[in-house]
Structures are given as C-alpha cells and as structure tokens.
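1. sequence unavailable; structure follows:
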C-alpha cells in the first residue's frame, strides 16, 4: 500500500436499501476503497439451488445491472425458466429470472466443488467489473428463523411466500453462534487506515442484526478506531420499504429513529436520520445528521453517501460512553 | 385391459431423428398405446445439473413444444441464462435455453430427493399432457465413452464440444453391464399384446446400441412375439443428420443400409430403408420396405409411422434364422 492509498470505508448491508447506499459510496469513493459486508441469513436452498438474495442484490446494484423498478433482480430480465418450471410442477413462489438463474446455478456448482461463498462472490464481482469488495458475512450457514403468531417460519417463507403477513414474535439466527466471520470482513474492519464504518439503512432486525450476531463482529466494531455511523431506515416514523415498521410495532418498539439509535447504542458514534425526523433533535444521546435519506435517484445516493462520510469524519468517537 | 384396448407399440429411440418418428407414431396410434424407450447414455452432469438430452428431445417433441428448426430444445426459447452465465465465468459450450433450464433444474432437484429418472420423466410427460409412455432405458448411470484418435472423450465432449471432429476408434458404454433395465421398459416389451417394436432411425452406434447393451434387453427382444423393425438412418449412403456416416467410415463400415441391416441382424424381422436405396433390393437377407424416410413435415412423420406399422404387421418373424 502506498502513502496515497485512499482510506477505506466498510459498509454493513442487507438487500435493496443497503445496496442503494453502497452504490452511492462506490461512486463517491476512489476505486477499491469500499468493502461491503453483506447479510447471508436470508440465504436458502430452493429448487436445489443455493440462493443468496442480499449478496446478489448487492452484486447486481454495484455492477449496475439491477432492475431499477424493484431494486433486486436483473434489469431487462425474462421469465421463461419460471413459466417452464411451473408447467413441470416446480415451485414458483420465489421468482427466479432467467439471467438471475445463472448466478444461482453457477454459485451452487462452485459451492459443490468446495469453493466458499466468499471466493465465489469475489470472483463474480471481479468478472462484473465491480471496483469494490463484496463480502458475505460468513461462509457458514446461518438462517434467520422468524417466530410468528403462525409459528416458526424460515425467512423466505415469511418474507416472500407469506409476504410478511404473520405477526413477528421474535427473531433468531440459527447457526450464527457457530459461524465464523468471513476472514476478509475481519481484515477490512481491522485495517488501521479505515476511514469509517457505515451501517446502511437496511432493516436492523432482519438484515443488520444477523451480521452483528456473528461471533467477533461486535468486538471488531468496538475495537475499530474509525467512526461508525448508522443510517436510519425510517422516514417520519415509516419504513421506506419492507416490513421494518411492521416488525417494530409487532416487537413493541416505537417506530422512530430514536429507537434505531437505541438499537445500535454502544456500536455507533453517530446516526443519520431523515430530515422529516428533525423534530426529534435533542432527544438523541449521540450526534445526529438530519438529511434527505430517500434515495430515488442515483444523485440522491451519491449525495447521501458523501454526507454520511463527511458526517463520520467530523465525529468524535462516542462508543466508550455507550459500551458495556 | 378391455378387449378393445389398442395393441401397443414400443419404439427404441435416441434424440432428434427418433423423436420425429415417435411423434409420427404418437399421432398415428390410439392414445396411450405408444411406449418410447430412450437412450440415456448421452446423459451427463453439467453446471451441477443432470441433463438427459435424448429424454428431453423426446419429451419436447411429443409435447409439441420442440424447436422445429433444430429438432431439440424448446420452441420460442430465450438465452438470457447462457449470456449471464458466460459473464460469470460459467461454461457455455453446451447451450441451455431459459425454458429448457426448468427441465434440468427440476430433474436435478427431484433426483436429489430420491426420485428415479423414470418417475421424474413419467411425471413431466403427464404434466405436459403427452399421451405416451417415455421411459429412460435405465435409472442407473450409463455413459458413452468415445475412444478417438484424440483419446477417450465423454460423449458430450465428443458430440458438442468437439463437434464430432475427432476420428472414432471405438465406443463403449460405461456402467451398462451393471445397469438395470427400467422396469417399465421390460414390462412394455413383455406385454403379450404388443403389436410391434420399432427401432427408430437414430444413430445405431451412439443411440440404439446403449439401449441394447443394458442386460436383459436383447433377451427381451428375442423373446418378444411381436415383429421388430428398424428404420435405417441412412438415405442414399448418407446420414440425414449427425455423425452416423462419419462414424461408420471411421469404424471401417460401409455407409449403407445393408450395413445397418447387418448391425441389427438377429434382432430385427424387417428393415425400412429409404427409397433412394432401392437399388440395394435383393442384397438384404430380410424383408425390406423402401419408402421415403426423410421426415421434413409432420405429414411425413405420420405417413412413415403408418407405413412402418403396416410393414411390421405383414412380417413373418425372421429372427430365428438370424439369431445365434
């Protein structure tokens, strides 16, 4: 590494919302200075294929081939596989596009040859010319189990098949305690030149908590000399997308960026909340940047990324006062 | 079975050419009276998927969803999977269409749950409303190995990747000696009401010999009271399609329907040869029907099927004089 090497940023991310901010960071930062550590607790085996939804959303978004309407899957996708599978009696509740299938088939094939999810993801990112490191949080199997009023559900059963309809009682991440943090994730967080860690505006309970549940992760964050900021996924007490607000209500939490700050207390040094929530100023016990957090356009993503980095730069480390 | 149940026909078939005649038979015969026993020695595992090319060609053809230009694959196919797989570093020498992928993914998934290839094929044929039985010759793994002047090649390496360019020295069917004939195939051939057995105009060396190599198959044909006719794949000393003529030359065989008759001697009671070969009349030591064997149109297939059945009906069993 030369003296002029850019100071790296690590992002923790789930799927769509996190990938949007990651793209903003990628486009704002010098090449090869972004590392995204991605949730894999949504991963599952379907039709015999190993599917990593958040990793794929991150890869597609950073490769600029994501479907801009959904935020996941591929742009200009076709659906002939799905139609033919339906005619043959295959399950179709989880939609797999024709181009998207290449990712799942190739991943499954390589896993069977003994390659790790990290290796496979790094190679695919390289082939798709993504100038960032995308690191699955672990190469081990971790699976979110959603305890609901309709019983325990595997994550994709809850999220896709049941469209988040059952009420959430609690969440657990099966396998997390035994999982090993991806080596590249630990290395990225241990880099003494690290500029900042950004917790993306993903669902804290479904997407970020699994990453934090991997043994060693919280210690690495506590020991990390760089400032850590989280971007709240809530805007004016509502979730931009997905079941965040619904789950917070079901878990008896107030649907507020104050609650997001409380959730990450002891981990983060500052919070980025939406401008709509600026009436909450003064109620946080850590620095808060109020700004536009909706990311409709590419320009929105780049602006938010820049603001998050600038905010982090100005932070005095707060964690000692929250930890422990 | 009632007295009026139609007398069944069994066809032995490889891929494209055999499937065309099978479709003619299907459309000529009463419903549910055709059984096609299909070569599986071309089957292989590719991209982690179990692929059965001849079974699929038969299924697609009889379901009337085959690509009419190639004779294999699906009509109105798209190729987004292949393009995306190429971008991810996947192998692309074996072309897999988006709709076609459903067959391979669903087959692979079901095999992994313990279903047999026979069960899976029967279920798919039922779902695609095919009023015929399509029976893979065996549920065990048999793999054609092509010994060539460039060394031993797995069948699809020889056939697709190398486009049949290497000279063939010999052929063997690895696993055939240990393979068990599909139970439904044995039952179909043992049916005392059987009207005829038709060996389709598939490549005798690559597509039919593997079927004949399954232990018990030749005995069932010898013991079968119904007449057995083969349709020669040659027209005027040339192969209609594929490497049949090239392989015959490389194996030092004369490229002639006389050689096809010799190849099946002891098994068949009559041969159907092309009208272009009628100058060979008198040189065969079994009954021969000379007729148009090219199957360009659907009407061609139906006409040839009718003629083959009528020819078989008029045959006196010849096999005793050839057997042994």
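-> Happy to help now that I have it. Note that the structure is predicted; figures quoted are calculated from it, not measured.

2. for chain A, which residues are neighbours of chain B?
-> Contacts of chain A with chain B, taken as Cβ under 8 Å from any Cβ of the partner chain, map to A:47-49, A:74, A:77-78, A:80-85, A:87-90, A:97-103, A:105-106, A:108-109, A:112, A:123-124, A:127-128. Glycine gets a C-beta too; all of them are placed from N, C-alpha and C.

3. among those, which ones are in helices?
-> A:80-85, A:87, A:98-103, A:105-106, A:108-109, A:112, A:123-124, A:127 (DSSP state H).

4. list only buried entries from the residues of chain A next to chain B.
-> When the residues of chain A next to chain B are checked for burial by 16 or more other Cβ atoms under 10 Å in any protein chain shown, the buried set is A:47-49, A:74, A:77-78, A:80-82, A:84-85, A:87-88, A:90, A:97-103, A:105-106, A:108-109, A:124, A:128.

5. what segments of the stretch 101-250 of chain A are helices?
-> With DSSP state H, counting those that start in this stretch as the criterion, the stretch 101-250 of chain A has helices at A:117-127, A:155-156, A:183-190, A:209-212, A:217-223, A:244-250.

6. show the average pLDDT along the shortest one.
-> The reference is to helix A:155-156. Across helix A:155-156, pLDDT averages out at 92.

7. stretch A:312-324 too?
-> pLDDT averaged over stretch A:312-324 gives 63.

8. quick one: the strands in chain A?
-> A:9-13, A:34-38, A:44-46, A:49-51, A:133-136, A:143-148, A:151-154, A:168-174, A:196-199, A:228-231, A:234-235, A:238-239, A:270-274, A:288-291 (DSSP state E).

9. give me the buried positions along stretch A:224-234.
-> Neighbour counts using 16+ other Cβ under 10 Å place A:224, A:226-234 of stretch A:224-234 among the buried residues.

10. give me the number of residues near whatever residue of the stretch 201-324 of chain A ends up closest to chain B?
-> At 22.2 Å from chain B, residue A:298 is the closest residue in the stretch 201-324 of chain A, using Cβ to the nearest Cβ. Residue A:298 has 14 neighbouring residues, counting by other Cβ atoms under 10 Å in any protein chain shown.

11. what residues are up against it?
-> A:23-24, A:27 (Cβ atoms under 8 Å, 6 or more residues apart in numbering or on different chains).

12. against residue A:74, how distant is it?
-> As judged by Cβ to Cβ, to the nearest Å, residue A:298 and residue A:74 stand 18 Å apart.

13. quick revisit: got the helices of the stretch 101-250 of chain A as TSV, with distance to residue B:203 columns?
-> As requested, those are exported to TSV (distance: least, Cβ to Cβ, whole Å):
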stretch	distance to residue B:203
helix A:117-127	38
helix A:155-156	45
helix A:183-190	51
helix A:209-212	54
helix A:217-223	59
helix A:244-250	61
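
14. out of these, flag the one nearest residue B:13.
-> Among those, helix A:117-127 comes nearest to residue B:13, with 39.3 Å by Cβ to Cβ.

15. quick check: angle from the closest one to helix A:183-190?
-> Helix A:117-127 and helix A:183-190 meet at an angle of 80 degrees, taking axes from the mean of the first three to the mean of the last three Cα atoms, to 10 degrees as the criterion.

16. which residues are in contact with helix A:117-127?
-> When contacts are defined by Cβ under 8 Å, 6+ apart, helix A:117-127 is touched by residues A:40, A:52, A:55, A:59, A:62-63, A:103, A:106-107, A:110-111, A:132-136, A:139, A:182-184, B:87-89.

17. buried subset of those?
-> Buried by 16+ other Cβ under 10 Å: A:40, A:52, A:55, A:59, A:62-63, A:103, A:106-107, A:110-111, A:132-136, A:139, A:182, A:184, B:87-88, out of the contacts of helix A:117-127.

18. re the thing from before, how close does the residue of the stretch 201-324 of chain A closest to chain B sit to residue A:309?
-> For residue A:298, the distance to residue A:309 equals 17 Å [Cβ to Cβ].

19. wait, residue A:225 sits on residue A:190?
-> No: with contact defined as Cβ atoms under 8 Å, residue A:225 does not reach residue A:190; the gap is 10.0 Å.

20. what would the contacts of residue A:298 look like in a markdown table with neighbour count and pLDDT?
-> Converted to a markdown table, the contacts of residue A:298 look like this (neighbours: other Cβ atoms under 10 Å in any protein chain shown; pLDDT from 0 to 100):
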| residue | neighbour count | pLDDT |
| --- | --- | --- |
| A:23 | 24 | 98 |
| A:24 | 26 | 98 |
| A:27 | 16 | 97 |
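
21. in helices only, show me the residues you listed.
-> If you go by DSSP H, the contacts of residue A:298 have A:23-24, A:27 in helices.

22. can you tell me which of these is nearest residue B:151?
-> Using Cβ to Cβ, the ones in helices among the contacts of residue A:298 come closest to residue B:151 at residue A:23, 49.0 Å.

23. count the neighbours of residue A:71 for me.
-> Using other Cβ under 10 Å, residue A:71 has 17 neighbouring residues.

24. from chain B, how far out is it?
-> Computed as Cβ to the nearest Cβ, to the nearest Å, the residue A:71 to chain B distance reads 18 Å.

25. what's the pLDDT at that residue?
-> Predicted confidence (pLDDT) at residue A:71: the value is 93.

26. what about the closest residue to it other than its chain neighbours, how many residues close to it?
-> Spatially, and ignoring its direct neighbours in sequence, residue A:71 is nearest to residue A:16 (3.7 Å; Cβ to Cβ, 6 or more residues apart in numbering or on different chains). Residue A:16 has 24 neighbouring residues, counting by other Cβ under 10 Å.

27. list the contacts for residue A:16?
-> Counting by Cβ under 8 Å, 6+ apart, residue A:16 touches A:57, A:70-72, A:241-242.

28. let's go with 7 Å and repeat that
-> Shown in contact with residue A:16 (Cβ atoms under 7 Å, 6 or more residues apart in numbering or on different chains): A:57, A:71-72, A:241.

29. what count of nearby residues applies to the nearest residue to residue A:196 once chain neighbours are set aside?
-> Leaving out its chain neighbours, the residue that sits closest to residue A:196 by Cβ to Cβ, 6+ apart is residue A:312, at 3.7 Å. Using other Cβ under 10 Å, residue A:312 has 22 other residues around it.

30. in contact with residue A:312, which residues?
-> Counted by Cβ under 7 Å, 6+ apart, residue A:312 has contacts A:196, A:227, A:229, A:270.

31. apply 10 Å and report the result again.
-> Shown in contact with residue A:312 (Cβ atoms under 10 Å, 6 or more residues apart in numbering or on different chains): A:9, A:195-198, A:226-229, A:269-270, A:272, A:287, A:289.

32. ok, which pair from those is furthest apart?
-> A:9 and A:287 (18.2 Å).

33. what stretches of the stretch 201-324 of chain A score poorly on pLDDT?
-> Applying pLDDT under 70 to the stretch 201-324 of chain A flags the ranges A:316-324.

34. again, only this time at 90
-> Counting by pLDDT under 90, the stretch 201-324 of chain A contains low-confidence ranges at A:237-243, A:316-324.

35. filter the contacts of residue A:16 down to the buried ones, ChimeraX style.
-> Of the contacts of residue A:16, the buried ones go into a single ChimeraX selection, burial set by 16+ other Cβ under 10 Å:
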select /A:57,71,72
